[in-house]
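Q: with the input below, show me the fold.
(one chain, ligands or ions: 1)
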Amino acid sequence: MRKFQLHWQILIALILAVLFGVFLKEYVNWVSWMGDIFLRALKMIIIPLVLSSIISGVTNIGNAENLGRLGLKTILYYVLTSTFAIITGLILVNVFRPGVGADLNLEQAVNLQVTSQSLGDVLIRIIPDNIVDAFSNNTQMLSVIFFAILFGFFITRVSGRSNQLLTDFFNAIFEVMMKVTLFVIRFTPFGIFGLVAKTVSEQDDLLSLMESMGLYMLVVMMALALHAFITLPLITRFIGKAKPWKHFNFMKTPLLTAFSTSSSNATLPLTMQAVEDKSGVSNKITSFTLPLGATINMDGTALYECVAVMFIAQAYGIELSFMQQVLVVITALLASIGAAGIPMAGLVMITIILTVVGLPLEGVGLILAVDRILDMFRTATNVWSDSCGAVIIAKSEGETLRV
Ligand code: ASP
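A: Down below sits the predicted model:
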């Protein structure tokens, strides 16, 4: 018998949770602990996951040969496209404001930590004065990311044996952390059941929850579509001088795989095969850019995280200042770099942004219910962006392609 797929399990959990929350309101404490445990488990894996993912990512770039120009171009492409994606999301979420008016009974839970801090302060605090303190304190994720990048970079600057040892070490930890994350993700249906049952049981007006979630999903999907079908093709056409639609046609299989597995990593072999054998990019470029892209280039995830955080802030009735929104953009970019290419990794990362801008972590409960569905769309966008990047970089290196 085929394994019952996670998104179906989640869908069923979701339906059951809504029914439970509506009809068995008074028994909700019997199940809400599942949501609490799930949230705790997510928080538990944040630090080791981010640390190992970023260190191994940076180390693997640094250790590659011909790093210089190729590395710079690749990173430039990743940062630029992810930033475009985030800004697309930010504009749409500010225009449609899907969280506003969503009476989610959350106002009383708001712990008004959102203080207006200057960007200067924020930038200064990226450098931790005590790294152990930063690790043990959930509010200093930016410092942890900063330290991980620095540490990863200098692993590539030490001599043979130490370099090899540390590279292998962090790659291995990352591998294990991915397994731990996947393990935690398996309990998502239960976590969702607990959290959603609780949320629903606290609702006076279920219809408005449905309405506001519907608009939220629509905003995420519209922003993803704009990025995938307008921004990326334009960049591929005018900067890469390639044919984006022909390339898209070659990419159908990996894109559908990305959509159904929600994992850039699982899709990687298919992406490499399509970009290399169909679009005609050399192995030199695919082997460098695509695995890297699957780990750190996540346009869809970056966009999604920005929209999700803004949605949570709107639902809590918190106006984020311009500076705080800039902070969301920067953190969303860093968080998308730190997100693993596995299902729902982006969800774990949202807690980082919430922490950085001082929003309650429990806000994740609001978007959890629809995360898995949106994951399919954002993962396809992630893989599409990786593949466009490989084409553009290959063209800029003078390769003759079929697209
Ligand atoms: N599932 C996404 C990916 O593999 C990451 C995420 O959760 O956003 O690309």
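Q: what parts of the stretch 301-403 of the chain come near the ligand?
A: Thr301, Ala339, Gly341, Ile342, Pro343, Met344, Ala345, Gly346, Asp375, Arg378, Thr379, Asn382 (CB under 6 Å from any ligand atom). The way it works is simple: take the backbone N, C-alpha and C, and place the C-beta from them, glycine included.
Q: so Ala308 makes contact with Ile352?
A: No - taking contacts as CB atoms under 8 Å, Ala308 lies outside contact range of Ile352: 11.8 Å.
Q: looking at these two, which has the bigger crowd around it?
A: When Ala308 and Ile352 are compared for neighbours, Ala308 comes out ahead with 30 against 26, by other CB atoms under 10 Å.
Q: just say helix, strand or coil for the more buried one.
A: helix (DSSP: H, G, I helix; E, B strand; the rest coil).
Q: Leu39: which of the residues of the stretch 301-403 of the chain next to the ligand is nearest?
A: Set against Leu39, the nearest of these by CB to CB is Met344 (13.1 Å).
Q: so who does the closest one touch?
A: By CB atoms under 8 Å, 6 or more residues apart in numbering, Met344 lies in contact with Ile185, Thr188, Ser262, Asp371, Arg372, Asp375.
Q: name the member of the residues you listed that has the highest neighbour count.
A: Result: Ser262 is most packed of the contacts of Met344 (other CB under 10 Å), 29 neighbours.
Q: surely that one meets Thr381?
A: No - assessed by CB under 8 Å, Ser262 is found out of contact with Thr381, at 11.5 Å.
Q: quick one: name the residues of the stretch 151-300 of the chain near the ligand.
A: Residues of the stretch 151-300 of the chain lying near the ligand (CB under 6 Å from any ligand atom): Ser262, Ser263, Ser264, Met298.
Q: ramachandran coordinates for the residue nearest to the third one when sequence neighbours are not counted?
A: Ranked by CB to CB, 6 or more residues apart in numbering and with sequence neighbours excluded, the top spatial neighbour of Ser264 is Gly341, at 3.4 Å. Dihedral angles of Gly341 (phi, psi; degrees, to the nearest 10) stand at phi -80, psi 50.
Q: could you number the chain from 48 rather than 1 from now on?
A: Will do, 48 is the new start, and the previous item becomes Gly388.
Q: who are the contact partners of Gly388?
A: Gly388 neighbours (CB under 8 Å, 6+ apart): Ser310, Ser311, Asn312, Ala313, Leu315, Ala341, Thr342, Met345, Asn429.
Q: so the third one touches Leu339, yeah?
A: Right, the one you point to is Asn312. No - using CB under 8 Å, Asn312 makes no contact with Leu339, being 11.9 Å away.
Q: ok, these two, which is more surrounded?
A: Leu339 (20 against 17).
Q: which residues does the helix or strand hosting that one contact?
A: Leu339 belongs to helix 330-343 when assigned by DSSP states H and E. The contact list for helix 330-343, computed with CB under 8 Å, 6+ apart, reads 100, 104, 107-108, 111, 113, 117, 121, 125, 311-312, 314-315, 318-319, 322-323, 383-384, 387-388, 429-430, 432-434, 436-437, 440-441, 444, 446.
Q: which of those count as buried?
A: Those of the contacts of helix 330-343 that meet the buried threshold are 100, 104, 107-108, 117, 121, 125, 311-312, 314-315, 318-319, 322-323, 383-384, 387-388, 429-430, 432-434, 436-437, 440-441, by 16 or more other CB atoms under 10 Å.
Q: neighbours of Ile420, how many?
A: Neighbours around Ile420, by other CB under 10 Å: 16.
Q: any idea how far Ser307 is from it?
A: Distance, Ile420 to Ser307, using CB to CB, to the nearest Å: 12 Å.
Q: same question for Arg284.
A: From Arg284 to Ser307 the distance is 28 Å (CB to CB).
Q: before we move on, back to that, sort out for me which of the residues of the stretch 198-347 of the chain next to the ligand are in helices.
A: Ser311 (DSSP state H).
Q: of the residues of the stretch 198-347 of the chain next to the ligand, closest to the ligand?
A: Ser311 (3.5 Å; CB to the nearest ligand atom).
Q: wait, doesn't the closest one sit right on Asn429?
A: Yes - with contact defined as CB under 8 Å, Ser311 counts as touching Asn429 (5.0 Å).
Q: what do these two both touch?
A: Joint contacts of Ser311 and Asn429 (CB under 8 Å, 6+ apart) are Ala305, Ala341, Met345, Gly388.
Q: what's the angle between the strand or helix carrying Val411 and helix 330-343?
A: Using DSSP H and E, Val411 falls within helix 411-443. Orientation of helix 411-443 against helix 330-343 (axes from the mean of the first three to the mean of the last three CA atoms, to 10 degrees) gives an angle of 160 degrees.
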